[in-house]
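1. what follows is a protein structure lacking sequence information:
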């Protein structure tokens with residue numbers, strides 16, 4: 001069948017085959033669409049009903065999730081131990097306006113069994129549950145408030161009791177000291193003493209002990225009140241034990257007041273005890289009131305929790321009933337749709353098989369007419385890309401259809417490109433050579449102004465290339481540095497002749513002017529977007545920087561100096577030391593080596609110095625090759 005179809009379409013163009021394929025696909029889609037419309041019309045009612053049931057089941061699930069969220073949050077509220085923790089849950093509380101579960105008017109027509117009224121009942125109970133949760137939150141907040149108050153009152157009472165006992169101990173200690181002095185006076189016969197004083201001091205000491213004993217019992221009664229779970233028990237403790245204890249303390253204070261004139265300090269201590277004990281009584285009263293309110297609020301909270309549990313049961317029971325109703329409706333829909341589902345499956349299978357056969361016929365034909373010629377052309381292009389064939393090679397023309405025209409156009413294009421590429425390469429070579437020659441000449445101009453020779457820049461360029469390669473830079477970067485390094489002193493064209501060509505040593509002001517040639521060279525070159533001029537700008541700017549940071553113009557240090565600047569620094573200094581000038585002789589080789597060793601990690605990058613010394617013969621070869629000749 002496939003061969004027959006291909007034979008029938010052999011004389012058709014690719015465009016005609018594509019149009020035929022589109023027509024076939026349109027017919028398939030139309031047939032499939034008509035079939036699906038027919039089938040969908042028979043089950044539309046059931047689908048709509050089932051969809052709405054699924055929505056309601058999802059809504060029921062959302063209600064359950066809401067209840068779970070409320071229960072979870074409520075548990076966290078009840079287990080909160082501080083007001084700060086409780087406030088963190090306030091924003092999570094739901095309000096009645098947050099509950100929007102309902103059944104629309106269209107759904108009401110569909111459902112029976114009073115679904116809508118039951119949903120209304122569930123939502124009503126859910127809203128009551130939300131109100132209950134907010135009431136629990138408020139109750140818990142009040143409980144935490146009273147617990148905080150109780151803790152505060154207890155801490156203050158403990159502090160005051162400590163202060164009272166300290167004052168009482170001070171009275172006792174002072175009375176004891178006076179008694180000892182009184183007894184020593186009695187032993188001395190000449191001393192005149194009052195016999196009644198000893199008796200009064202003894203009373204003071206006894207009263208202070210009784211006061212300590214009574215006041216130290218207070219924390220026990222306060223603890224009993226604080227840990228009590230019954231208001232009646234609190235009333236019993238406060239009316240009996242606590243009241244009696246307070247009377248004992250007050251009695252001791254009254255008696256002490258009668259003896260306070262024995263000593264000025266007694267009077268002060270007694271007054272302090274009185275004032276602090278009044279505060280203690282007030283705080284005890286507040287503590288008892290707060291504890292009673294706390295117990296009342298805890299009782300209220302238990303009732304709220306019980307009410308919430310009952311509401312939970314009602315909501316869960318309502319959801320169960322709603323689920324049963326929706327399950328019954330789904331079963332009716334599924335049984336009604338079963339036969340339609342079988343017919344639908346059969347129809348879809350038949351249409352699908354026909355579609356697959358027609359698609360297979362169209363696809364195999366298109367593959368034979370499009371894919372195979374296209375693969376041949378792509379393989380030919382890959383051979384050109386991988387240099388297995390040249391651009392001048394001709395793509396064979398295998399047919400007279402669109403691919404034949406494409407092959408002819410490709411051959412014309414590659415022929416034109418081949419001729420243009422040769423011309424472009426020639427022009428690029430001319431441009432690069434011109435750039436290099438201009439840069440080299442500019443570098444030579446800068447050097448000749450300062451009495452350097454043209455060969456100096458050639459040698460520095462070669463030294464820089466060797467160092468770059470040995471350092472590990474790529475061949476391209478090394479060649480770029482070679483072309484850029486002759487510009488290292490281009491800034492000297494901006495230095496006045498009076499300074500640049502001065503036969504004597506420069507003074508400090510002149511030296512500062514001379515040092516500006518690095519910045520001048522950088523400013524001349526920094527605006528270019530050409531790689532070679534960018535590299536030249538870096539070389540001009542940083543070739544006088546030193547490894548230890550003592551160089552100029554910016555005092556850069558170590559790796560903060562660009563590798564171009566570090567390499568050019570070694571090349572420039574070696575050439576300056578190792579080459580003859582009309583005004584000086586070259587240094588001996590050993591002195592040059594020693595100079596670089598001494599300035600390793602000071603002036604020069606230590607790694608570059610090591611590379612230079614290890615490969616000294618290559619540098620000497622370049623120096624001899626481009627040796628200066630003086631008249």
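-> Arrived safely, thanks for sending. Note that the structure is predicted; figures quoted are calculated from it, not measured. Residues are numbered from 1 along each chain as shown.
2. hey, let's count contacts and neighbours off CA atoms from now on
-> Fine.
3. the strand or helix carrying residue 119: what's the following helix or strand?
-> Residue 119 is part of helix 115-187 when elements are defined by DSSP states H and E. Next along the chain after helix 115-187, taking DSSP H and E as the criterion, comes helix 195-215.
4. which residues does that next one contact?
-> Outside helix 195-215, the residues that touch it by C-alpha atoms under 8 Å, 6 or more residues apart in numbering are 161, 165, 168-169, 171-172, 175-176, 178-179, 182, 245, 248-249, 252-253, 255-256, 259.
5. domains for this structure, by residue range?
-> Annotated domains of the chain cover 148-310, 439-625 [automatic domain parsing].
6. just name the most buried of the ones you listed.
-> domain 439-625 (a mean of 19; mean count of other C-alpha atoms under 10 Å).
7. elements contacting the longest helix along the chain?
-> The longest helix of the chain (DSSP state H) is helix 264-366. Judged by 3 or more C-alpha pairs under 8 Å, 6 or more residues apart in numbering; DSSP states H and E, helix 264-366 is in contact with helix 2-8, helix 14-78, helix 115-187, helix 218-227, helix 231-237, helix 243-258.
8. any idea of the mean pLDDT for the third one?
-> The reference is to helix 115-187. The average of the pLDDT scores along helix 115-187 is 81.
9. the second one too?
-> Rounded to a whole number, the mean pLDDT of helix 14-78 is 68.
10. ok, back up a step: the helix holding residue 119 packs against which elements?
-> Where contact means 3+ C-alpha pairs under 8 Å, 6+ apart, helix 115-187 is packed against helix 14-78, helix 83-87, helix 195-215, helix 218-227, helix 264-366.
11. what is the rounded mean pLDDT of the longest helix of the chain?
-> The average pLDDT within helix 264-366 is 77.
12. also stretch 502-511?
-> The pLDDT scores in stretch 502-511 average 87.
13. for my notes, confirm residue 555 occurs in a helix.
-> No. Counting by DSSP: H, G, I helix; E, B strand; the rest coil, residue 555 is not part of a helix but coil.
14. and it, how close does it get to residue 513?
-> To residue 513, residue 555 is 16 Å away according to C-alpha to C-alpha, to the nearest Å.
15. now residue 397
-> Applying C-alpha to C-alpha, the value for residue 397 to residue 513 is 74 Å.
16. not counting sequence-adjacent ones, nearest residue to residue 613?
-> residue 593 (7.2 Å; C-alpha to C-alpha, 6 or more residues apart in numbering).
17. give me the phi and psi angles of residue 604.
-> The phi/psi pair for residue 604 (degrees, to the nearest 10) reads phi -120, psi 160.
18. just checking, it touches residue 546?
-> Yes. Between residue 604 and residue 546 a contact is recorded at 6.1 Å, counting by C-alpha atoms under 8 Å.
19. what do the two both touch?
-> Here residue 604 and residue 546 have residue 566 as joint contacts, going by C-alpha under 8 Å, 6+ apart.
20. contacting residues for residue 509?
-> Listed by C-alpha under 8 Å, 6+ apart, residue 509 has no contact partners.
21. residue 273 now?
-> Going by C-alpha under 8 Å, 6+ apart, residue 273 touches 164, 167, 168, 253.
22. if we use 7 Å, what do you get?
-> Residue 273 makes contact with 164, 167, according to C-alpha atoms under 7 Å, 6 or more residues apart in numbering.
23. and the contacts of stretch 153-160?
-> With C-alpha under 7 Å, 6+ apart as the test, stretch 153-160 has contacts from 276, 280, 283, 287.
24. please name the nearest non-neighbouring residue to the second one.
-> Read it as residue 280. Nearest non-adjacent residue to residue 280, counting by C-alpha to C-alpha, 6+ apart: residue 157, 5.7 Å away.
25. for residue 254, see how far away that neighbour is.
-> For residue 157, the distance to residue 254 (C-alpha to C-alpha) stands at 21 Å.
26. do residue 181 as well
-> 26 Å.
27. still on that earlier bit, residue 71: which of the domains of the chain is closest?
-> Evaluated over those, closeness to residue 71 peaks at domain 148-310, with 9.2 Å, by C-alpha to C-alpha.
28. show the end-to-end separation of that closest one, please.
-> 31 Å.
29. so residue 167 sits against residue 268, correct?
-> No. Counting by C-alpha atoms under 7 Å, residue 268 is not a contact partner of residue 167; they are 9.2 Å apart.
30. if we can go back for a sec, same list, the helices and strands packed on helix 264-366, but as JSON lines with distance to residue 626 please.
-> Output for the helices and strands packed on helix 264-366, formatted as JSON lines (distance: least, C-alpha to C-alpha, whole Å):
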{"stretch": "helix 2-8", "distance to residue 626": "77"}
{"stretch": "helix 14-78", "distance to residue 626": "70"}
{"stretch": "helix 115-187", "distance to residue 626": "94"}
{"stretch": "helix 218-227", "distance to residue 626": "104"}
{"stretch": "helix 231-237", "distance to residue 626": "112"}
{"stretch": "helix 243-258", "distance to residue 626": "114"}
